[in-house]
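# Provide a 3D model corresponding to the input given below.
(chains A and B)
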Number of protein chains: 2
Amino acid sequence: MGSDSCPATEVEGAIDAVSQYNVRVLLAGPEDLLRAELEKRSLGSLPIEILHASEVITMDDSASSALRNKRDASIRVAARAVREGRAQGLVSAGNTGACMAIAKTVLGLVPGVKRPALAQVFPTLDQTWSVLMDVGANVDCTPEMLAQFALMGEIYSKIICHCSAPRVGILSIGEEEHKGNELTKLTTPLLKELPINFIGNVEGQDLYSGAADVIVCDGFIGNVALKVSEGLVAAIRQILKESLEKTLQRKIGYVLAKNAFEDFRKRVDYTEYGGAPLLGLKGICLICHGRSNSNAIKNAIRVAAELSQQKISDRIETAMHEGFGQLPPAAD
Amino acid sequence: MGSDSCPATEVEGAIDAVSQYNVRVLLAGPEDLLRAELEKRSLGSLPIEILHASEVITMDDSASSALRNKRDASIRVAARAVREGRAQGLVSAGNTGACMAIAKTVLGLVPGVKRPALAQVFPTLDQTWSVLMDVGANVDCTPEMLAQFALMGEIYSKIICHCSAPRVGILSIGEEEHKGNELTKLTTPLLKELPINFIGNVEGQDLYSGAADVIVCDGFIGNVALKVSEGLVAAIRQILKESLEKTLQRKIGYVLAKNAFEDFRKRVDYTEYGGAPLLGLKGICLICHGRSNSNAIKNAIRVAAELSQQKISDRIETAMHEGFGQLPPAAD
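Numbering: from 1, shown residues only, chains lettered A, B, ... in the order given. Next up is the predicted model:
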């Protein structure tokens, strides 16, 4: 019940997902609304069930009030289904803050994880992906949190990008180890100790260069990087559009080259890549953009299924034990 | 002597600047090299002089070693000319760290300024500019430093964007005041007290949206935001290029729409906007990208002249006194 055009987008994405992949989908939300939406579209019987939820969290609800006051909200009902084993993962295009708070509270953390972190993939010039994390779950991170993000991001990269030894970098403002802020300088020694392929500092442009498979940073900086990218893509599309409409010749050129622009759109449009997983929870949680279309929802469902099949939470637990086994249990 | 293709680029930019604007240029560097370059190009007598400097700082020199060991480096000779009043401003496309360190040491800070800050303009969707600062002069900033950046950025915006009451925002991860990290939350009350048009939190996409004229942030985050933007522009150009070359039809479309791409390139190419000023010094210092072309150098010279004519350093001193008059003198 979260996207800008809910529940039509979610229902359509769910129908596409069950048609194309070997998955079952539970739709959480007001039963009458969802039933009506399903009946508009689906022709036969599909592996889709409705989980009734009487409340809906809006974009105006704060995370804390949503958590406290809307105990029958669709996100919470969905999270409960994951906790109870009725579902393996949760996908939402709703209020990101509320979704993170509810998923964390209802599902709980993987033993050893201090904080869950949001991972976002970026398309790179060498036709692969880089994973940036955290992109907004935690501001004011500690070095240990960043080291945990590195371990979690590495596992996510292995599953999603089929990369056997992901190169892990730390986002900084120069390649040399001495360049950075207090946080990066304190984190680097921890990253060197972990059983990962740590390549040192990377810079902002490396989100797109392909120089690293996983890039770790504080959630404040990651969120800024993500939103700068979204803003720039929107600005570039607008500037190109205006420029291509200026003369008849350019318009004809645009028509001839239209498919190239479609390729371009797909490659830089974040809705094509499904959602961003909140890693470190006992259960899968994927958070999609509020502007998601049904394709994004479908892809997020596919990714959620894959993360579950690949047992990402178990693998994170093992990695935490191996990487941080000597530390006392996480307190939050 | 700093750009990737120095000194040809600098000499060409200087010749273009003196031809188009009412400025004189001093070229700092090895006299024989500069003289040869000038003789290749200039036909008559131009208001260009050479300031001989026997040393050159490379990209491999650290800022501290350049400062300590290369006392006759071209940047230092240029900075001395500014301090001595032989020039009003310094433009360099060289090693940014070394240039900042030398300019700060040789020129000194405007009374009241705690730290100089690097300001970068970004093109916005409403056909104007936003100024982001700091983009890399200071990592690990204090709230007071960010408040000073706001005052300095506001004056720069007034001069460059001819904006009478620039809207000043603080870069954060949500519009609401309670969203942000410790630094933004501590800075906001200071910004509210200043005699500026403070509009509260803005987000990453607002570098391009036109929602603010000046955006302040820690230099680490600003540098990441700038480099993410540069990396994404490069990636998008590459993706579009590959995509437009795939079929004959697309190639023809590209040829017809070529001018649109040229417009686009100009609008998103940072070299079109000259350099980034290091604000807060007793004298003008503009730092250009190492990849600068002669157009960028020419524009940087134009901007340096304008900042000098508009007495930016005096105006910053007055603003510091009005905004922070109650504080003890700056210590660093």
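# The helix or strand bottoming out on mean pLDDT in chain A: how far from the chain's middle?
Taking mean pLDDT, DSSP states H and E as the measure, helix A:258-268 is the helix or strand of chain A with the lowest mean score, a mean of 75. Helix A:258-268 sits 22 Å away from the centroid of its parent chain (CA atoms, centre = their mean, to the nearest Å).
# So what touches it?
Taking contacts as CB atoms under 8 Å, 6 or more residues apart in numbering or on different chains, the residues outside helix A:258-268 that touch it are A:123, A:233, A:237, A:240, A:254, A:272, B:235-236, B:239-240, B:243-244, B:246-247, B:250, B:253-254. Heads up, the C-betas are built off the backbone N, CA and C, glycines and all.
# Which of the residues you listed fall within strands?
Per DSSP state E, strands hold the following members of these: residue A:123.
# Could you turn the buried ones of the contacts of helix A:258-268 into a PyMOL selection?
Here is the PyMOL command that selects only those of these that count as buried (16 or more other CB atoms under 10 Å in any protein chain shown):
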select buried, (chain A and resi 123+233+237+240+254) or (chain B and resi 235+236+239+240+243+244+250+253+254)
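# How about stretch A:155-169 and chain B, touching?
No. Counting by CB under 8 Å from any CB of the partner chain, chain B is not contacted by stretch A:155-169; separation bottoms out at 12.7 Å.
# Let's see the distance spanning that stretch from one end to the other.
End-to-end distance of stretch A:155-169: 14 Å, with CA to CA, to the nearest Å as the criterion.
# about what we covered before: following element in sequence after the least confident helix or strand of chain A, please.
Where DSSP states H and E defines the elements, the next helix or strand beyond helix A:258-268 is strand A:276-279.
# partner strands of that following strand, parallel or antiparallel?
Sheet pairing of strand A:276-279 (DSSP bridges) gives strand A:117-123 (antiparallel), strand A:284-287 (antiparallel).
# okay, it in CSV with CA atoms only?
Written as CSV, here are the backbone C-alpha positions of strand A:276-279 (Å, rounded to 0.1, in the frame of the first residue of the first chain):
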residue,chain,number,x,y,z
ALA,A,276,17.1,-1.7,-2.0
PRO,A,277,17.4,-4.5,0.6
LEU,A,278,17.6,-3.6,4.3
LEU,A,279,20.4,-6.1,5.2
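# So which bits of that strand are buried?
A:276-279.
# ditto for stretch A:287-296
Going by neighbour count (16+ other CB under 10 Å), the buried part of stretch A:287-296 is A:287-289, A:292-296.
# Out of those, which is nearest to chain B?
Of all the buried residues of stretch A:287-296, chain B sits closest to residue A:289, with 12.3 Å by CB to the nearest CB.
# low-scoring stretches of chain A, by residue?
For chain A, applying pLDDT under 70 flags the ranges A:42, A:268-273, A:326-332.
# tell me the domain ranges of it?
A:1-113+A:280-308, A:117-272 (automatic domain parsing).
# Same list, the ones you listed, but as TSV with distance to residue B:54 please.
Below are the domains of chain A laid out as TSV (distance: least, CB to CB, whole Å):
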stretch	distance to residue B:54
domain A:1-113+A:280-308	56
domain A:117-272	27
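# still on that earlier bit, angle of the least confident helix or strand of chain A against strand A:117-123?
Taking axes from the mean of the first three to the mean of the last three CA atoms, to 10 degrees, helix A:258-268 and strand A:117-123 form an angle of 160 degrees between their directions.
# which residues in chain A form strands?
A:25-29, A:48-52, A:89-92, A:117-123, A:129-133, A:167-171, A:197-202, A:214-216, A:276-279, A:284-287.
# Tell me which of these is the most buried.
Comparing the strands of chain A by mean neighbour count (mean count of other CB atoms under 10 Å in any protein chain shown), strand A:214-216 ranks first with a mean of 31.
# check whether that strand contacts chain B.
No. Strand A:214-216 lies out of reach of chain B by CB under 8 Å from any CB, never closer than 10.4 Å.
# returning to that earlier point: which of the buried residues of stretch A:287-296 fall in helices?
The helices, defined by DSSP state H, take in A:294-296 from the buried residues of stretch A:287-296.
# can you list those residues in CSV and add distance to chain B?
Putting these into CSV (distance: CB to the nearest CB, whole Å) gives the following:
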residue, distance to chain B
A:294, 24
A:295, 19
A:296, 18
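# Show the residue spans covered by the helices in the stretch 101-250 of chain A.
Secondary structure of the stretch 101-250 of chain A by DSSP state H, counting those that start in this stretch: the helices cover A:143-161, A:182-193, A:206-209, A:219-244, A:248-256.
# closest to residue B:216 out of these?
helix A:219-244 (12.7 Å; CB to CB).
# ok and the closest one relative to helix A:143-161, angle-wise?
Interaxial angle, helix A:219-244 versus helix A:143-161 (the same axes, to 10 degrees): 50 degrees.
# where's helix A:219-244 relative to the chain centroid, distance-wise?
For helix A:219-244, the distance to the chain centre is 18 Å (CA atoms, centre = their mean).
# the inter-axis angle of that helix versus strand A:129-133?
Relative orientation of helix A:219-244 versus strand A:129-133 (the same axes, to 10 degrees): 130 degrees.
# can you state the direction angle for helix A:219-244 and strand B:167-171?
If you take the same axes, to 10 degrees, helix A:219-244 sits at 130 degrees to strand B:167-171.
# So which elements touch helix A:219-244?
Packing contacts for helix A:219-244, counted by 3 or more CB pairs under 8 Å, 6 or more residues apart in numbering or on different chains; DSSP states H and E, involve strand A:117-123, strand A:129-133, strand A:167-171, helix A:248-256, helix A:258-268, helix B:206-209, helix B:219-244, helix B:258-268.
# now these as JSON lines including distance to residue B:189?
What follows is the helices and strands packed on helix A:219-244, written out as JSON lines (distance: least, CB to CB, whole Å):
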{"stretch": "strand A:117-123", "distance to residue B:189": "29"}
{"stretch": "strand A:129-133", "distance to residue B:189": "31"}
{"stretch": "strand A:167-171", "distance to residue B:189": "29"}
{"stretch": "helix A:248-256", "distance to residue B:189": "50"}
{"stretch": "helix A:258-268", "distance to residue B:189": "38"}
{"stretch": "helix B:206-209", "distance to residue B:189": "21"}
{"stretch": "helix B:219-244", "distance to residue B:189": "20"}
{"stretch": "helix B:258-268", "distance to residue B:189": "36"}
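# Can you check which of the ones you listed gets nearest to residue B:60?
For the helices and strands packed on helix A:219-244, proximity to residue B:60 was assessed by CB to CB; helix B:219-244 is nearest, at 19.5 Å.
# The closest one to helix B:182-193, inter-axis angle?
100 degrees.
# Just the angle for helix B:219-244 relative to strand A:197-202, thanks.
Angle, helix B:219-244 to strand A:197-202, by the same axes, to 10 degrees: 110 degrees.
# got the angle for helix B:219-244 vs helix A:248-256?
Interaxial angle of helix B:219-244 relative to helix A:248-256 (the same axes, to 10 degrees): 80 degrees.
# Surely residue A:315 and residue A:156 touch.
No. The pair residue A:315 / residue A:156 is not scored as a contact, 9.5 Å apart, by CB atoms under 8 Å.
# out of the two, which sits in the more crowded spot?
Using other CB atoms under 10 Å in any protein chain shown, the more surrounded residue of residue A:315 and residue A:156 is residue A:156, with 26 against 19.
# ok, that one - contacts?
Applying CB under 8 Å, 6+ apart, the residues near residue A:156 are A:119, A:131, A:133, A:214, A:277, A:279, A:307, A:312.
# Could you find the closest non-adjacent residue to the fourth one?
In space, not counting the residues next to it along the chain, residue A:214 is nearest to residue A:153; the distance is 4.1 Å by CB to CB, 6 or more residues apart in numbering or on different chains.
# Quick check: the one you found touching residue A:217?
No. Proximity of residue A:153 to residue A:217 does not meet the contact threshold set by CB under 8 Å, at 10.4 Å.
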